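Novice: my questions concern the predicted model and sequence given below.
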Amino acid sequence: MEGTAKFDRVLAIETSCDDTSAAVISADGYVEAVCSANQDLAHEPFGGVVPEIASRNHTLNVLPLIEETLKRSGRSWSDLDGIAVTSRPGLVGSLLVGLVTAKSLALAKGLPLVAVNHLEGHLLAGFLRDESFAAPAEFGYPYLGLAISGGHTHLFLVKGLGDYTVLGQTVDDAAGEAFDKFAKMAGLGFPGGVQVDKLSREGDPQSYQFPRALIHEDNLNFSFSGLKTAAQNQLQKMTLAERKQQLPSLCASYQEAIVEVLLHKLTKAVASTGVRCALLTGGVSANSRLRAQAEVWGRTHGVTVVVPPLRYCTDNAAMIGFAGIQRLRRGERAAEDLGPSPRPYPDDFKYSDEL
Ligand code: KG4
Ligand code: ZN
């Protein structure tokens, strides 16, 4: 039976960090339903994601979310052709919840299972579609994929399904981590990126000259730890009253440094590869200044830039489902002893010296 399956539609499950998400998606990228639950309130008192709390919340959320997703999609189990699940990279305890759920459901319902790399999901988010979003027709392989989240700042050359070359990556903190650490220093709560984004709208991005690390280097790597230290030094020089009064401009200047570096490296990547399509993906691509500047950047440089809507930029199961269904169509199946991995598999990505 399985050999003749068409793989029109799958259920996808994502639990790699602190968001639980389920989706029903078709092979052409149409998202029939996606339901996600974030755990921000549970982690907020600790100023960051606590792995043990994340796993426990996934166990509470995952089955109700799957039921709700099926209900919203109007589909039943018999309409599904497979199950896709994130197996790597991520928090092992979190991944395990999604994996055990997916394996059990696949076995119980007699459906094939496929394991997906979380970053691959982010990199394919530009192909998702729904009633209010579709990338422009010019968007397609090859494209530059900038994956920017709490754990990653990776610039990829995406040539096709499974063909992802890392052109550059952060040598220290991820861009999202830089936002979150600054927010913590400034007493803005967790997750910090959203707060910095909000406050920045009232501030002047030119008020403080924060460093743009590695901007003059020839490579496509990123570094954000110097920026964090510079901001820390600046905050220490100020009285509490000054900090409070200057906070919007501090946020705007800090944010500007991150946005400028990201777009500068994209410009370099366009020049070195000649590729004229780009995708911004991952939680940081929700940043409103980055989204606005990326649009200007695309027009100025003649590059088709896709920044999917927030629901597909942040962690979600729809992107995992899209990657999974393409892989199922290629005949891939998860091994029976499939387990979670904190890191990507060695052959998930190529590195730029192998270009
Ligand atoms: O992709 P994501 O939802 O989770 C993973 O890390 O995989 O990304 C979360 C990161 C956090 O660091 C958060 O502060 C950041 O994305 N973020 C933002 C914004 N929204 C979320 N950073 C800047 N501006 C935002 N609007
Ligand atoms: Zn992510």
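Specialist: Done, it's in. Ligands and ions are numbered 1, 2, ... in the order given.

Novice: so where do the helices sit in the stretch 251-355 of the chain?
Specialist: 288-301, 310-313, 317-329 (DSSP state H, counting those that start in this stretch).

Novice: so what's the gap between the lowest-mean-pLDDT helix or strand in the chain and the chain middle?
Specialist: Every helix and strand of the chain was ranked by mean pLDDT, DSSP states H and E. The lowest is helix 40-43, at a mean of 86. Remark: helix 40-43 is offset 19 Å from the chain centroid, using C-alpha atoms, centre = their mean, to the nearest Å.

Novice: what comes up buried for it?
Specialist: Residues residue 43 are the ones in helix 40-43 that count as buried (16 or more other C-beta atoms under 10 Å). C-beta here means a position set from N, CA and C on the backbone, and glycine is covered the same way.

Novice: and the contacts of it?
Specialist: 18, 49, 50, 53, 54, 57, 190, 191 (C-beta atoms under 8 Å, 6 or more residues apart in numbering).

Novice: right, and the helix or strand after it?
Specialist: Next helix or strand after helix 40-43 toward the C-terminus (DSSP states H and E): helix 51-73.

Novice: need the contact partners of that next one.
Specialist: Taking C-beta under 8 Å, 6+ apart as the rule, helix 51-73 contacts 11, 13, 15, 17-18, 20-24, 32-37, 39, 42-43, 46, 76-77, 91, 93-94, 96-98, 101, 105, 317.

Novice: how does it look with 7 Å?
Specialist: 11, 13, 15, 17-18, 20, 22-24, 32-35, 37, 39, 42-43, 76, 91, 93-94, 97-98, 101 (C-beta atoms under 7 Å, 6 or more residues apart in numbering).

Novice: quick one: contacts for the residue of the stretch 201-350 of the chain found nearest ligand 2?
Specialist: Minimum separation of the stretch 201-350 of the chain from ligand 2 (C-beta to the ion) falls at residue 315, amounting to 4.4 Å. Contacts for residue 315 (C-beta under 7 Å, 6+ apart) come out as 14, 16, 17, 19, 21.

Novice: give me that answer again for 10 Å
Specialist: Neighbour list for residue 315: 14-21, 36, 38, 86, 90, 118, 121-122, 149-150, 282-283 [criterion: C-beta atoms under 10 Å, 6 or more residues apart in numbering].

Novice: out of these, who's near ligand 1?
Specialist: 17, 149, 150, 282, 283 (C-beta under 6 Å from any ligand atom).

Novice: closest one to ligand 1 out of the residues you listed, please.
Specialist: residue 283 (2.0 Å; C-beta to the nearest ligand atom).

Novice: for the closest one, give its distance to residue 125.
Specialist: Using C-beta to C-beta, to the nearest Å, residue 283 is found at 12 Å from residue 125.

Novice: of the two, who's got more company?
Specialist: Taking neighbours as other C-beta atoms under 10 Å, residue 283 and residue 125 compare with residue 125 leading, 30 against 27.
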